[in-house]
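**Q** Predicted structure and sequence below. I'll ask about it afterward.
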Amino acid sequence: MAKIPVQFRLNGSDRAAFVDAQETLLNTLRRGLGDFSPKYGCGQGTCGVCSVLVDGEPQLSCLTLSVACEGRHVETAAGLADGPNLHPLQAAFMDHFAAQCGFCTPGMLTAARALLAKNPSPSRDDVIEAISGNICRCTGYEPIVAAILAAASAPGARRA
Amino acid sequence: MLEMRKDIFADERDDNLNVIGKGLQRQDAPGHVTGRTRYFDDHAFEGMLHLKVVRSPHAHARIRSIDISAAERAPGVKRVLRGADVPVNKNTLLSLINFGKDDEPTLAVDKVRYKGEPVVAILADSEAQALAARKLVRIDYEPLPTVFDVEEALKPGAPVVNETYPGNYFEYHERFDHQKLRFGDVERAFSGADIVMEHRYQMSPIEHAPTETNGTIAAPEQNGRFVVHSCAQGLFFALGTTAKIVDVESNRLHFIGGTVGGGFGGKVDSLTEPLAVLGAMLTGKPVRFVLDREEEMLYGSPRGAERIYIKDGVMRDGRIVARYIRSYFDAGAYTRLSSYAAIKCTAHVPGPYWIPNVASDIYVAYTNRCPSTAMRGFGVTAVDFALEVQMDRLAEAASMDPMEFRILNAYRDGDMKPHRRAAKNTALVECVQVAAEKANWPLSEQAKRQSSLTGGAGERGQIPATTVDTKGQIGRPETRTGTATQTLPAGTARIPLSKQPVMEGARDGRAAPTQVPRYEPARPAAAATPAYAPPPYQPASPPAAPSYQPAPPPVSAPASPAQTQHGAVRFSSVFGTRRR
């Protein structure tokens, strides 16, 4: 089957790949471009571990076709830190023990990043709503909610 | 947040430790928050093949023939494996510790024993090609009679699920059909008890549902070695199992893992490691074998369903004098870890309570279900659930507050357990006291004064005589003779009947004893009193509860417990002992 060229910005860098027509963004990121921060959990859009931002909007990369990302801005958890400096969300997740097995963490950070970009001062309910598409099977939701609320009130949180 | 009660656990922990008891940054946190943590699937290899298995559509069927010729010719397919290609195609997980007989193939050969059992493995250049070739494998099955119920499986004439265990039960010490525990004389104690109550508890299988599914990437390394990125929770366990099945020295396998995207017990079965390594050996290429979500949910081994019968004898003052537990573990088609679960269950009987007469018979039964495995306290969790629901029911039958009922019957230091070991560091009394305090649940002053440190040992620390039958084995409950001890914690245990619990948000009052389901009528007063019958209960102070009734009313026709559609008994928690 003929491959299709696709170009997009990934975490600020121009990247290109040849993809199958039905290939998902998740597969292109992981197997094509080597960004393993989005995970495979269900392949059907129910668990949220594959969450990425496409033009600032949270998207499930397991349900997003790679060819649909032509010319877009794709951002993953791997691009959240500013060089060696952690994003306030990352620092807050560490401070609040918001990661247990860590598998949901990139998706949670992505969902939280999208929330804070739109709503710099979210309420607890806003946070819960924002991560409602992300499953933490270790069920560590309380520390995650606390971390996001703490990051929202930390200096520099609005950079995202 | 964490308080170490030094009054109870004086010797348990030094106070000058640097790490234990301190809130420290987890060493894996930076990797998690930056997305750099590498799980098994986060590794790239040039030329990696993808492995998919063909699974049985039948719960029980003989395999007449397997035709893989079309699949072998399919685009991208590099190799198709059958049972004959697996060097050691029979294994049981605990064979690594010489426990149990090899009973499970990696790829089924003569027959399939559960729906979803792997029969053929396909290795192809892409996942899509492996999935397409999967449809081209032709397997001719002859369906066989099935059995899905643990007690049906143990009846004579039931279909034999697993020929390694023709009686459909795991053979302990290669001859016993169950785990047995005897302590005191339950039958004698039942006959002298004021209330005897038996209930059946049916659990369901529970899938761990880790967000990261089971999987492995295996690749040729160098010097004849293979690197294996594994999801395994027990990495060396998976290494030993894989080395046995693919028949190589374990030092040729370089297992990397320990970073698990959720396991909860569902990643101890080595579901993917052996075939991935075998595929890498036979093709010389990296091989990735990952379960998709559907496979994980349907065929990733679950927590086994258990059926538990608990029969208790209780005196009117709330003391439990006898407990008999009969339980059946649904192992599914193969042993995996169920044999161990039944031992853990037996070790947990009768719960954290001192009961002078205890017996249990715990069976592991084979059925045509997906094999079950470890999950968070397996063997203990289910029986604990059943025991605590039963405790609520017993408290209700004895017209006692469920919290005080537990304090009354809790282990104290020095009490003899049915396993012939003295209890130490017991703290259930204090746990209940703290739980009651936090829940604003009123306890009597007497209950508040109880302590795990006092009231145990003495007569309660003795082992009752255990008689043996003519074969030299500990007998069935009805064959037992011997004396039973009936001693309360010295000077402490006369807890008055409790008052109405005052709970904020409580919707209704406590259920009246007449609503307690199914207990046997009290013995007629004229009947001969057993020699060891306890003195009648005399409240130390007038009971506060006006609803107190001196004896459970006899019921001619036992009422059935509330049953849900799937047969489970409706759960009522400590805080909601209400029946609808």
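**A** It's in.
**Q** what about residue 89, how many neighbours?
**A** Chain wasn't specified; assuming chain A. A total of 28 residues lie near residue A:89 under the criterion other C-beta atoms under 10 Å in any protein chain shown. Just so you know, the C-beta spots here come from the backbone N, C-alpha and C atoms, and that holds for glycine as well.
**Q** look at chain B instead
**A** A count of nearby residues for residue B:89, using other C-beta under 10 Å, gives 18.
**Q** quick one, domains of chain A?
**A** When chain A is parsed into structural domains using automatic domain parsing, the resulting residue ranges are A:4-79, A:88-159.
**Q** least reliable of those going by mean pLDDT?
**A** Taking the average pLDDT of each of those, the minimum falls on domain A:88-159, with a mean of 93.
**Q** Quick one: distance of it to the chain centre.
**A** Average the C-alpha atoms of domain A:88-159, do the same for its chain, and the two points are 11 Å apart (C-alpha atoms, centre = their mean, to the nearest Å).
**Q** With stretch A:82-94 instead?
**A** Stretch A:82-94 sits 14 Å away from the centroid of its parent chain (C-alpha atoms, centre = their mean).
**Q** swap in stretch B:413-431?
**A** Here stretch B:413-431 shows a centroid-to-chain-centroid distance of 22 Å under the convention C-alpha atoms, centre = their mean.
**Q** neighbours of residue 111, just the number please.
**A** Since you didn't name a chain, this refers to chain A. 24.
**Q** if you could check chain B rather than the one you did, that'd help
**A** Residue B:111 sits with 20 neighbouring residues when counted by other C-beta under 10 Å.
**Q** Using the three-state scheme, assign residue B:121.
**A** strand (DSSP: H, G, I helix; E, B strand; the rest coil).
**Q** Provide a list of residues in contact with residue B:365.
**A** Taking C-beta atoms under 8 Å, 6 or more residues apart in numbering or on different chains, we find residue B:365 in contact with B:150-151, B:153-154, B:168-169, B:328-331.
**Q** And residue B:131, by the same measure?
**A** For residue B:131, the contacting residues are residue B:52, taking C-beta under 8 Å, 6+ apart as the criterion.
**Q** Make sure I have this right: it is in a strand.
**A** No. If the criterion is three-state DSSP, then residue B:131 is helix and not within a strand.
**Q** quick revisit: would a markdown table of the domains of chain A with distance to chain B be doable?
**A** Output for the domains of chain A, formatted as a markdown table (distance: least, C-beta to the nearest C-beta, whole Å):
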| stretch | distance to chain B |
| --- | --- |
| domain A:4-79 | 3 |
| domain A:88-159 | 3 |
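**Q** count of residues packed around residue 128?
**A** This is for chain A. Applying other C-beta under 10 Å, we find 14 other residues in the vicinity of residue A:128.
**Q** That was the other one, I meant chain B.
**A** When neighbours are counted by other C-beta under 10 Å, residue B:128 comes out with 17.
**Q** quick one, phi/psi of it?
**A** Residue B:128 has phi and psi values of phi -60, psi -40 when expressed as degrees, to the nearest 10.
**Q** What of residue B:208?
**A** With angles defined as degrees, to the nearest 10, residue B:208 sits at phi -60, psi -30.
**Q** That one is in contact with residue B:268, isn't it?
**A** No. Between residue B:208 and residue B:268 there is no contact under C-beta atoms under 8 Å: 10.3 Å.
**Q** and the residue of the stretch 201-350 of chain B at minimum distance from chain A, how many neighbours?
**A** With C-beta to the nearest C-beta, the shortest gap between the stretch 201-350 of chain B and chain A falls at residue B:261, namely 3.3 Å. The local packing of residue B:261 (other C-beta under 10 Å) involves 26 other residues.
**Q** Touching, it and residue A:103? I think so.
**A** Yes. With contacts counted by C-beta under 8 Å, residue B:261 reaches residue A:103, the gap being 3.3 Å.
**Q** what residues are shared contacts of those two?
**A** Overlap of the contact sets of residue B:261 and residue A:103 (by C-beta under 8 Å, 6+ apart) consists of A:39, B:39, B:210-212.
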